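*Asks:* Here is a sequence with its predicted model. Questions after.
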Amino acid sequence: MPKEPAMPAPSLDGHPDGQTSIRSLDEARRQAEGCRRCDLWANATRTVFGEGPPSVEGAAVEGAAAEWTAAEWTAGGHRLMLVGEQPGDREDRAGHPFVGPAGAVLDRALAEAGIDRARVYLTNAVKHFKNEPRGKRRLHRRPDAGEIDRCRWWLELERRFVRPQVIVALGASAARALTGHAVTISRVRGRVLTLDATGVAPAARLLVTTHPSYILRQRDDDARRRILEAMITDLVLAARQK
């Protein structure tokens, strides 16, 4: 399938030349714990940073690229990153991405697409759970464009150290974080796009699909299965990229 023209990727906010003192993924994770770039930390329990294969966790800029072993690559032989919207209630409490109901849907989709979750770097566009307290419950609220843009700092650093060759944006918020502008999923899904390199992050191929939580919001089984199958198709396409 022919690849689409390159899409300009946003530069790292506050560091247009890509200069930063953060030298490793572990250091980025530690510094993100005290992030105050927006107000979302106030109602959240903790920062939920991305996670991936063991060898990637020690990735540092000096290494030029995360040295994933062959066993940690996808079947297509490349490094794969999945980017969601934000941590949910379960993720906020546990401190790990995609461990709640949406994570269970994603696990099923990955398994049916033949992708081992352990080989994928999973993260979110926004690292804090945006919510509205209602008694003992915390209701999910979608992050706005400004919050997504401010949190791009951390996503760019993750791309820098993980150096994924293929990225799948799970939903419109993730697509905006990666491209810097609003994206209509129906217009771009099924297409292999290209993210240009920034002053911080390397170039990568990009595919856009629905967020697994969208499947959970469907009212009938037929709709849920139809949307899940479309998502699986998108993940298969991502895994087969060379």
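*Replies:* Yes, it's here.

*Asks:* just the helices in the chain please.
*Replies:* Assigned helices in the chain, in chain order: 25-32, 54-57, 89-94, 101-112, 145-162, 172-179, 185-188, 212-216, 221-239 (criterion: DSSP state H).

*Asks:* Can you mark which positions in the longest one are buried?
*Replies:* Pointing back at helix 221-239 there. The neighbour-count check on helix 221-239 (16 or more other CB atoms under 10 Å) flags 224, 227-228, 230-239 as buried. (C-beta placed from N, C-alpha, C; glycine too.)

*Asks:* okay, the helices of the chain, which one's buried deepest?
*Replies:* When the helices of the chain are scored by mean count of other CB atoms under 10 Å, the highest mean neighbour count falls to helix 172-179 (a mean of 25).

*Asks:* tell me the angle of that helix relative to helix 145-162?
*Replies:* Interaxial angle, helix 172-179 versus helix 145-162 (axes from the mean of the first three to the mean of the last three CA atoms, to 10 degrees): 60 degrees.

*Asks:* re earlier: among the buried residues of helix 221-239, which one sits closest to residue 218?
*Replies:* residue 224 (4.5 Å; CB to CB).

*Asks:* so what's the closest one closest to, chain neighbours aside?
*Replies:* residue 218 (4.5 Å; CB to CB, 6 or more residues apart in numbering).

*Asks:* do the same with residue 174
*Replies:* Using CB to CB, 6+ apart, the closest residue to residue 174 is residue 83 (4.2 Å).

*Asks:* The helices of the chain into TSV, with extra columns for distance to residue 203?
*Replies:* Putting these into TSV (distance: least, CB to CB, whole Å) gives the following:
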stretch	distance to residue 203
helix 25-32	19
helix 54-57	18
helix 89-94	29
helix 101-112	24
helix 145-162	10
helix 172-179	12
helix 185-188	17
helix 212-216	27
helix 221-239	16
